[in-house]
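J.: Here is my input; please provide its structure:
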Amino acid sequence: MEEQADYQPSSKDGSLASRLLRAEAVTGKCYVICFSPSHNLTLADMTPAQIVPIIETWTNIYAAHLDPKSVLAKLAATMVIPALSQAALSPPSAQYRYMQIFENKGSAMGCSNPHPHGQVWTTTSLPEEPAMELQQLIKYRSEQGGAHMLVDYSALESQEKTRTVFENEGFWAGVPYWGVWPFEILLTSKQHKRSLVDFTKEERAQLAECIAEVTRRYDNLFETQFPYSTEEEIECSHFHIHFYPPLLRSATIRKFQVGYEMMAEPQRDITPEQAAERLRGCGGELYRKKLVDSPKLNGVNGVNGHH
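T.: Residues are numbered from 1 along each chain as shown. From the prediction side, this is the model:
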C-alpha cells in the first residue's frame, strides 16, 4: 500500500483554498491488548474474574498517560492494582487530549484478526463525537445545580426497568432511550466516576460482571458470535461504555444506515424497550457451551436412549 504524505498546515493567505481546505496535525499512540492466550475465547466466553485483568490493563495504560499535574494522576498514584506483566509503559512524548479504549468484534465490524483483542488509541486532539458529549455533560451539570447527567439517567432507567438489560450495585447497562442501532447498549457507572482510576477493586469486579453479562446476551440473542464495536470515552466527565452492534433480525441480517438515514437522521427498526426485553431474555449460560455439553446420539445432537 502506498504511504500517504502528511497533510501540510493550512495556509492563511486569504485564498479559496485557505478558506475551504483546512488541516491540522494530530499525533497519537496505539496499543493492542490480547484478552486471552486462547484463540477461541471472546469476552462472552470469559468469566468476570477473567475480564478483571483486562480492566486492570486498561487502567494501567490510562494512568500512564495522565498529565502528572492532574488530580487523576495523583489519585492513580494511590491505586492498588497489579502492574502490567509485560514491559513497562514508556512515558508519552506528547500530552494527549483523548484516549479511546475499544473493541471491534467480528468481520462485520472490520476485525481482521479473530484472536480476542481490543485497542487503545490516544490523540492530541479531541474528536467531534466525544467533544459534543462532553459539552452536553458540562451543560447539564451547569443547568441542574451540579448534578451529573449519567448518574441521573442511570437512576431513572434503573427505576423504570423497561430499557434495562442488566445492572448490579455499581453499574447499569441498557438500551438508551436515544439509541440508534437496534441493540445498542450504554453501560455506565451509577455513582459519579470520572475514569478508570476512580474505581475500587470491588467496582472493577462489578464492571467485569456487567461486561460479561452484556456480551454473553449479545451472543445468545441470535446464537452467533455477535459483532459489535465498543468505545470507552474516559475523556468525558463520567465513565461510560458504548456498544454499537450492527445486527438487526438474525445472525446474517444487519442494519444499514442508507437513504434517509444517511442524509437526514437515523430511524429505529425496533423500539429501545423491545430490544431491551429481548436482551433481558437472553441471560444464562452461553449458547455455545450448551451445544458442547449437549448429549449426542450417533454424532447428531439429540437425547440419549435405546432402540
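J.: which parts of the longest helix seen in the chain are buried?
T.: Longest helix in the chain, counting residues (DSSP state H): helix 201-222. Neighbour-count burial for helix 201-222, with 16 or more other Cβ atoms under 10 Å as criterion, is recorded at 203-222. The C-beta positions use only the backbone N, C-alpha and C, and glycine is treated the same way.
J.: same check, this time on stretch 186-196
T.: Residues of stretch 186-196 classed as buried: 186, 187, 188, 189, 190, 193, 194, 195, 196 (neighbour count, 16+ other Cβ under 10 Å).
J.: With stretch 46-64 instead?
T.: 46, 48, 50-64.
J.: same question, stretch 29-44
T.: Buried-residue list, stretch 29-44, by 16+ other Cβ under 10 Å: 29, 35, 36, 42, 43, 44.
J.: what sits up against stretch 44-62?
T.: 31, 33, 35-36, 43, 76, 79, 81-84, 89, 99, 101, 118, 120, 195-197, 199, 204-205, 207-209, 211-212, 215-216, 218-219, 225-226, 232, 234, 286, 288 (Cβ atoms under 8 Å, 6 or more residues apart in numbering).
J.: distance between it and the chain's centre?
T.: How far stretch 44-62 lies from its chain's middle: 13 Å, per Cα atoms, centre = their mean, to the nearest Å.
J.: The longest helix of the chain packs against which elements?
T.: On a contact count with 3 or more Cβ pairs under 8 Å, 6 or more residues apart in numbering; DSSP states H and E, helix 201-222 meets helix 48-64, strand 164-167, strand 171-174, strand 185-189, strand 240-244, helix 272-280, helix 287-293.
J.: again, only using 6 Å
T.: Packing partners of helix 201-222 (3 or more Cβ pairs under 6 Å, 6 or more residues apart in numbering; DSSP states H and E): helix 48-64, strand 171-174.
J.: Next, the angle strand 240-244 makes with it.
T.: 10 degrees (axes from the mean of the first three to the mean of the last three Cα atoms, to 10 degrees).
J.: ok, residues contacting helix 201-222?
T.: 43-44, 48, 51-52, 55, 166, 168, 170-171, 173, 185, 187, 226, 250-251, 279, 282, 286-287 (Cβ atoms under 6 Å, 6 or more residues apart in numbering).
J.: and the angle for it with helix 48-64?
T.: Calculated by the same axes, to 10 degrees, helix 201-222 forms an angle of 120 degrees with helix 48-64.
J.: Helices of the protein, start to end?
T.: In the chain, the segments counted as helices under DSSP H are 16-20, 48-64, 71-76, 128-143, 149-160, 201-222, 260-263, 272-280, 287-293.
J.: Ok, which of those helices comes nearest residue 242?
T.: Nearest to residue 242 among those is helix 128-143; the distance by Cβ to Cβ comes to 9.6 Å.
J.: in the closest one, what counts as buried?
T.: Neighbour counts over helix 128-143 (16+ other Cβ under 10 Å) mark 130, 133, 134, 137, 141 as buried.
J.: hmm, back to that, from the buried residues of stretch 29-44, which land in strands?
T.: The members of the buried residues of stretch 29-44 that map onto strands under DSSP state E are residue 29.
J.: Give the residue spans of the protein that score low on pLDDT.
T.: Applying pLDDT under 70 to the chain flags the ranges 1, 85-88, 91, 93, 104-115, 224-236, 247-256, 258, 292-307.
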